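# Compute the structure for the input listed below.
(one chain, ligands or ions: 1)
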Amino acid sequence: MNDPNGLIYHRGRYHLFYQHNPHAPVWGHMSWGHAVGRSLLDWEDGPVALPEQPDYMIFSGSAVTDRADTAGFGAGALVAIYTAHYRDDREAQSLAYSLDNGQQWTLFESNPVLIDPERPHVRDPQVFWYEPGGYWVMAVARADDHQVAFYASDDLKRWELLSTFGPAGCWQEAPHWECPVLIELPVAGTDRTHWLLKVDVDGGALAGGSGAQYFTGQFDGTRFMPDDPSDQVRWVEAGPDFYAAQVFNHLPAGRQVWLGWMNNWRYANALPTHPWRGMLTVPRELVLVETNDRYHLVQRPCREFYERMQPVDALPLGQPFPLPEAGLLRLRLRIDGQGTWHCRFFTGTTCGVVLGYDAANRLLFLDRREAGQTDFSPDFPGCFQVRLPSNAPEELELEILFDRYSLEVFAPEVHLVLSALVFPKPGDNSVWEQGEGRCLVEGTCWRYVVAQAEDERKS
Ligand code: FRU
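Just a heads-up that it's a prediction; the model follows:
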């Protein structure tokens, strides 16, 4: 799999579609796979929803519930808006709909609904209902132009160009812009909201290769106006493995949650897993935090994740400690000290992934050069570092989600996330805290408990 697609809460169930090759564990024959969830964490994979067509592949897109039957497919239809990628390399936006919660799909007979005759590569439509205007809005990437185009529609079928945004931020270094997300977010500690536009680059990102950047600003129903007209790039992540994120449409209580493909196009087709290849991050709750008139994106694991945590123990200082298969380490670091602090994950026969802090340079880093299997691609090993801002608190809270093949490091107080894949050797499952400057104030370990399936619970 690659990108998540069509994330939606529809008639009491979560749906997660995804870019999928049904025939081989490498990119190709793109189709929409389909998993259904009874929560944001418990997914059951099902049959392919939208298979590749004779003359085009089904690229990324989104899904909406058409409550008012604006398209005439039926009230409450689940409508997918995707990019058709034709054999001659041209792209256009198309529709498919389902009246039985995503089991059976009909391709709209008058596809495509949106073609840009001047641009072959326009892709990854994100569609949402814009309440103040009472119409649908689509954000879509003009990939080669490094632009996002915004369109409006009353019926999902006829689209009118509203405006464009870009080039801006990271674009000269990037072959393409992809996978835009325009979203209104709460501003923490206020009753205000503000807008965020996320755009991915398939090269030239902070940690190398593909990655996500964001802009904050206002959206007035026509135009996205960035707060900062300068070209300073703001990255969603300091880690290498977060791409093609999408938000869930229609989540109850107006929650704003996204998840990304935990991968990087530099090595995505070479990952040493079998028979599967490709995975997603934890769903993440999104807010904006305002400091000195600047808005920062802050991501945290969704609240359901914390409900699954069972305490294991305090993290012992200076000695190896067996990690559960999946869970959370919560650490408090004193960052005004001296020296270097390390925590090695997945140690045993190899050194493991080092999460470290270099106090003299105020650098937080994640080093996976000596961790398990790294030789499947020259682009995989690496050390990813980020300098902490001067106004960071003296004691910094880190939450590290670990799973069999991944680490996701959250430092919400300094608005940072680092996500990285890792392929430990079997049995290398210890974590080892090693501080010089007695940086670690406190550390606790939690185990992730998988929920019982519905039928198991009933019996
Ligand atoms: C991003 C992307 C999208 C495209 C899809 C094809 O990873 O390149 O732009 O729709 O993957 O699989």
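# do you know how far Ala212 is from Met309?
Remark: distance between Ala212 and Met309 (Cβ to Cβ, to the nearest Å) = 27 Å. All C-beta atoms are positioned from the backbone trio N, CA, C, and that covers glycine.
# In terms of neighbours, single out the busier of these two.
Counted by other Cβ atoms under 10 Å, Ala212 and Met309 do not tie: Ala212 has more neighbours, with 25 against 17.
# Close to the ligand: what parts of the stretch 1-150 of the chain are there?
Contact residues, the stretch 1-150 of the chain versus the ligand (Cβ under 6 Å from any ligand atom): 2-3, 19, 30, 59-60, 83, 123-124.
# Counting neighbours, which of those residues end up buried?
Buried by 16 or more other Cβ atoms under 10 Å: 2-3, 19, 30, 59-60, 83, 123-124, out of these.
# of those, closest to Leu196?
Distances from Leu196 to these, taken as Cβ to Cβ, are shortest for Asp124 (16.5 Å).
# Next secondary structure after the helix or strand the closest one falls within?
Using DSSP states H and E, Asp124 maps to strand 122-130. As assigned by DSSP H and E, the chain's next helix or strand after strand 122-130 is strand 135-142.
# orientation of that next one relative to strand 122-130 in degrees?
Strand 135-142 runs at 160 degrees relative to strand 122-130, counting by axes from the mean of the first three to the mean of the last three Cα atoms, to 10 degrees.
# Who are the packing partners of strand 135-142?
Using 3 or more Cβ pairs under 8 Å, 6 or more residues apart in numbering; DSSP states H and E, the elements in contact with strand 135-142 are strand 122-130, strand 147-153, strand 177-186.
# will you turn these into JSON lines that also has mean pLDDT?
Converted to JSON lines, the helices and strands packed on strand 135-142 look like this (pLDDT from 0 to 100):
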{"stretch": "strand 122-130", "mean pLDDT": "98"}
{"stretch": "strand 147-153", "mean pLDDT": "98"}
{"stretch": "strand 177-186", "mean pLDDT": "98"}
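# export the ones you listed to TSV and tack on distance to Val79?
Listed next are these as TSV, based on distance: least, Cβ to Cβ, whole Å:
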stretch	distance to Val79
strand 122-130	8
strand 147-153	11
strand 177-186	18
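# Asp144 falls within a helix, correct?
Yes - Asp144 sits within a helix when classified using DSSP: H, G, I helix; E, B strand; the rest coil.
# distance of it from Ile115?
Distance, Asp144 to Ile115, by Cβ to Cβ: 15 Å.
# residue ranges with poor pLDDT in this protein?
Applying pLDDT under 70 to the chain picks out residues 437-438, 453-459.
# element containing the spatially most central residue of the chain, please.
A centroid search over the chain (Cα atoms, centre = their mean) returns Gly260, at 2.0 Å, as the residue closest to the centre. According to DSSP H and E, Gly260 maps onto strand 257-261.
# Not counting sequence-adjacent ones, nearest residue to Cys170?
Leaving aside its sequence neighbours, Cys170 sits nearest to Val233 (Cβ to Cβ, 6 or more residues apart in numbering; 4.6 Å).
# for the one you found, what are its contacts?
Applying Cβ atoms under 8 Å, 6 or more residues apart in numbering to Val233 gives the contacts 169-170, 206, 213.
# mind running it again at 6 Å?
By Cβ atoms under 6 Å, 6 or more residues apart in numbering, Val233 lies in contact with 169-170, 213.
# So it versus Ala205, what's the distance?
Taking Cβ to Cβ, one finds Val233 at 9 Å from Ala205.
# now the helix or strand encompassing Leu196 and strand 135-142, what's the angle there?
Element membership for Leu196 (DSSP H and E) is strand 193-201. Relative orientation of strand 193-201 versus strand 135-142 (the same axes, to 10 degrees): 30 degrees.
# what about strand 193-201, near the ligand?
No - contact of strand 193-201 with the ligand (Cβ under 6 Å from any ligand atom) is absent, the minimum separation being 6.8 Å.
# Check the spacing between Cys383 and the ligand real quick.
Distance of Cys383 to the ligand, computed by Cβ to the nearest ligand atom, to the nearest Å: 25 Å.
# Oops, could you answer that again for Cys343 instead?
31 Å.
# What about that residue, how many residues nearby?
Counted by other Cβ under 10 Å, the residues lying close to Cys343 total 25.
# circling back: identify the residues contacting the strand holding Gly260?
Residues outside strand 257-261 that contact it (Cβ under 6 Å, 6+ apart) are 2-4, 242-245, 247-248, 280-281, 283-285, 302.
# sorry, back to before: just send the buried ones among the residues of the stretch 1-150 of the chain next to the ligand back as CSV, with distance to Asp228 too.
What follows is these, written out as CSV (distance: Cβ to Cβ, whole Å):
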residue, distance to Asp228
Asn2, 31
Asp3, 27
Gln19, 32
Met30, 35
Phe59, 31
Ser60, 28
Thr83, 30
Arg123, 26
Asp124, 24
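# pretty sure Pro22 is touching Pro47, no?
No - at 9.4 Å, Pro22 does not count as touching Pro47 under the criterion of Cβ atoms under 6 Å.
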